[in-house]
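Student: fold the following.
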Amino acid sequence: RADGTEAGRRLTAELRAQGFTCDTARRRIALHGRHEVNFSHRYLGADDAAGPNYTGQPAVDSFYEW
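Tutor: Numbers count the residues shown, from 1 in each chain. Coordinates of the predicted model:
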């Protein structure tokens, strides 16, 4: 978020409201079947200097306008 705070719980709630299942322990989301998904957030860009994620793979930090 623009103020530097995490959006995890809010994002998880919105994903579930859109029909996704969220496994926070395994850090996985899924959407089965055909769905139309509408998010109210605007993608602003990404930072590729985030470093590796929790699995050690290269990752980016994505930024959205809330």
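Student: what is the subsequent helix or strand relative to the biggest strand by length in the chain?
Tutor: The longest strand of the chain (DSSP state E) is strand 42-52. Downstream of strand 42-52, the next assigned helix or strand under DSSP states H and E is strand 58-65.
Student: the inter-axis angle of that next one versus strand 42-52?
Tutor: 150 degrees (axes from the mean of the first three to the mean of the last three C-alpha atoms, to 10 degrees).
Student: just checking, what packs against strand 58-65?
Tutor: Applying 3 or more C-beta pairs under 8 Å, 6 or more residues apart in numbering; DSSP states H and E, we find strand 58-65 packed against strand 42-52. Yep, even glycine has a C-beta here, placed from its N, CA and C like the rest.
Student: burial measure for L15, as a count.
Tutor: Using other C-beta atoms under 10 Å, L15 has 17 neighbouring residues.
Student: spell out the secondary structure type for it.
Tutor: Secondary structure, DSSP: H, G, I helix; E, B strand; the rest coil: L15 is helix.
Student: distance of it from P52?
Tutor: Per C-beta to C-beta, to the nearest Å, L15 is found 24 Å from P52.
Student: give the buried residues for stretch 3-22.
Tutor: Within stretch 3-22, the residues that qualify as buried by neighbour count (16 or more other C-beta atoms under 10 Å) are 11, 15, 22.
Student: element containing the residue sitting nearest the centre point of the chain?
Tutor: Centroid-nearest residue in the chain, with C-alpha atoms, centre = their mean: L11, separated by 6.5 Å. Element membership for L11 (DSSP H and E) is helix 8-17.
Student: now that helix and strand 58-65, what's the angle there?
Tutor: Using the same axes, to 10 degrees: helix 8-17 against strand 58-65 is 80 degrees.
Student: contacting residues around the helix or strand that contains I29?
Tutor: Taking DSSP H and E as the criterion, the element that holds I29 is strand 28-30. Outside strand 28-30, the residues within contact range by C-beta atoms under 8 Å, 6 or more residues apart in numbering are 15, 20-23.
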